[in-house]
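In: turn this into a model:
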Amino acid sequence: MKKIVLGSLLILLIIFTAACSSDTVGESGDTITLKLAHTGSDTHQYHLAAEKFKELTEEKSAGSVEIEIHGNATLGSEADVIEQVMDGSVEMTTVAPDSSFANTVPEMNIFGLPYLFRDREHAYSTLDGEIGQELLDLTEENNMKGLGYWEIGFRHITNNTKEIKTPEDMKGLKIRVQPSPVWENHMKALGASPTPVDFNELYSALDQGIVDGQENPLPTIDSMKFYEVQQYVSLTAHTYNPAIVVMNNNAWENLTGEQQTVIQDAVDETTSYHRELLADKEEEILNTLKENGVTITEPDREAFREQTVEVKDSISEIPHDLIEKIENN
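Out: Prediction:
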């Protein structure tokens, strides 16, 4: 009789143990793998941040949450990956908010407005405060959770035709733009011909002369080796770009509270690390560009500002009160 009772208890124990080790995402004791996809190279800002985030997440979670990084557009273009995050086939991405992302969350066009941010401190105080959180919250309408902002930097214009010192020098140049309305209007205001090209196809487009130039921060120009196919860099600093970090909302809600805290803390710590890292690299990058025969030009930024002042009135998707809040921040 005792053997029967003990056998029954053993069976119940096995059933209970199996139930507790189910594969439900976020269940205590499971190892969760989150895919983070981006379109940058292995030395691009996206990847540097993703690697730090992976390190922090796995350390803070004692290995119970693993981050699987898919860079170099291996899972598709920016637009492809944004769709995958929304449908849950990819859990996370980091992307320029005023790129294809702005076609999903139109208010993100605001990051393409010329000279909206006075300097880095203005950009950071905006992103780290109430305004930045309001923008992150807009992603929830598309089944995403906005987690924060990593760094891309102030954007500058490059081309393979001539030095750009004033807006007049932009006339007639085919400049690659991100596929969003604000960038088309931005380049048209300067007299250039805006040409949308996916980021992962940009190097070949420059190399083949499909476009004359492009605009990106110095770390992007360096990491993507655009200096190999561009002779001139004009330090216009016409916009500041963060890299928005988003996660599929269902995946987020299926995490335990403790796991959510780990992810959010890792994103925030990566933000601080990433900003310092890239700020320290800019002088080094300028030297690299010069060593590779690139001509660096200090343009008349005030002339560029004046030439593009009306761009903010041309994009209906951007609320004017949001622009004013940022300008007055």
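In: pretty sure Met247 is touching Ile263, no?
Out: Yes. Using CB atoms under 8 Å, Met247 is in contact with Ile263, at 7.4 Å. Quick note: C-beta positions are derived from backbone N, CA and C, even for glycine.
In: and for these two, which residues touch both?
Out: Common contact partners of Met247 and Ile263 (CB atoms under 8 Å, 6 or more residues apart in numbering): Leu147.
In: ok, Thr295 - how many residues close by?
Out: 13 (other CB atoms under 10 Å).
In: same check, this time on Lys325
Out: 14.
In: give me the element the residue lying closest to it once chain neighbours are set aside is part of.
Out: The shortest distance from Lys325 to any residue other than its chain neighbours is 5.7 Å, reached at Ile131 (CB to CB, 6 or more residues apart in numbering). Ile131 is part of helix 130-137 when elements are defined by DSSP states H and E.
In: so how far is that helix off the chain centroid?
Out: Put simply, helix 130-137 sits 15 Å off its chain's centre (CA atoms, centre = their mean, to the nearest Å).
In: so where's the stretch 201-329 of the chain uncertain?
Out: For the stretch 201-329 of the chain, no stretch has pLDDT under 70.
In: roughly how far apart are the residue nearest to Lys325 and Thr236?
Out: Distance from Ile131 to Thr236, counting by CB to CB, to the nearest Å: 24 Å.
In: got it, and Asn329?
Out: Where Thr236 is concerned, Asn329 sits at a distance of 22 Å (CB to CB).
In: the two: which has the busier surroundings?
Out: Legend: neighbour count by other CB under 10 Å for Asn329 and Thr236, higher for Thr236 (24 against 15).
In: please enumerate the strands of the stretch 101-250 of the chain.
Out: Assigned by DSSP state E, counting those that start in this stretch, the stretch 101-250 of the chain shows strands spanning 144-159, 174-177, 193-196, 213-217, 232-234, 240-248.
In: name the residues that touch the fifth one?
Out: The set of residues external to strand 232-234 that reach it, using CB under 8 Å, 6+ apart, is 156-165, 213, 218, 221, 227, 289, 294-297, 299.
In: those, buried ones only, as a PyMOL selection?
Out: In PyMOL, a selection of the buried entries from the contacts of strand 232-234 looks like this (16 or more other CB atoms under 10 Å):
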select buried, resi 156+157+158+159+160+162+164+213+218+221+227+289+294+297+299
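In: let me see the contact set for Ala205.
Out: Contacts for Ala205 (CB under 8 Å, 6+ apart) come out as 176, 197, 211.
In: residues touching Pro167, list them.
Out: Contacts of Pro167 (CB under 8 Å, 6+ apart): 190-191, 303-304, 307-308.
In: go on, Gln214?
Out: Per CB under 8 Å, 6+ apart, neighbours of Gln214: 157-159, 175-176, 197, 202, 206, 226, 230.
In: identify the farthest-apart pair in those.
Out: Ile157 and Val197 (14.9 Å; CB to CB).
In: one step back: using TSV, lay out the strands of the stretch 101-250 of the chain together with distance to Thr74.
Out: As requested, the strands of the stretch 101-250 of the chain are arranged in TSV below (distance: least, CB to CB, whole Å):
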stretch	distance to Thr74
strand 144-159	19
strand 174-177	21
strand 193-196	22
strand 213-217	21
strand 232-234	29
strand 240-248	18
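In: of all those strands, which lies closest to Thr271?
Out: strand 144-159 (5.6 Å).
In: just the CA coordinates for that closest one, please, in PDB.
Out: What follows is strand 144-159, C-alpha atoms only, in PDB (Å, rounded to 0.1, in the frame of the first residue of the first chain):
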ATOM      1  CA  MET A 144       5.300  48.200 -30.100                       C
ATOM      2  CA  LYS A 145       6.900  49.300 -26.800                       C
ATOM      3  CA  GLY A 146       9.200  52.300 -27.000                       C
ATOM      4  CA  LEU A 147      12.100  51.600 -24.600                       C
ATOM      5  CA  GLY A 148      14.500  54.500 -25.200                       C
ATOM      6  CA  TYR A 149      17.000  56.200 -27.500                       C
ATOM      7  CA  TRP A 150      20.500  55.200 -28.400                       C
ATOM      8  CA  GLU A 151      22.900  57.500 -30.400                       C
ATOM      9  CA  ILE A 152      23.300  58.100 -34.100                       C
ATOM     10  CA  GLY A 153      24.500  61.700 -34.000                       C
ATOM     11  CA  PHE A 154      24.400  65.000 -35.900                       C
ATOM     12  CA  ARG A 155      24.100  64.400 -39.600                       C
ATOM     13  CA  HIS A 156      26.400  65.900 -42.300                       C
ATOM     14  CA  ILE A 157      26.300  66.000 -46.100                       C
ATOM     15  CA  THR A 158      28.700  64.000 -48.300                       C
ATOM     16  CA  ASN A 159      29.100  63.900 -52.000                       C
END
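In: this completes my enquiry, with thanks.
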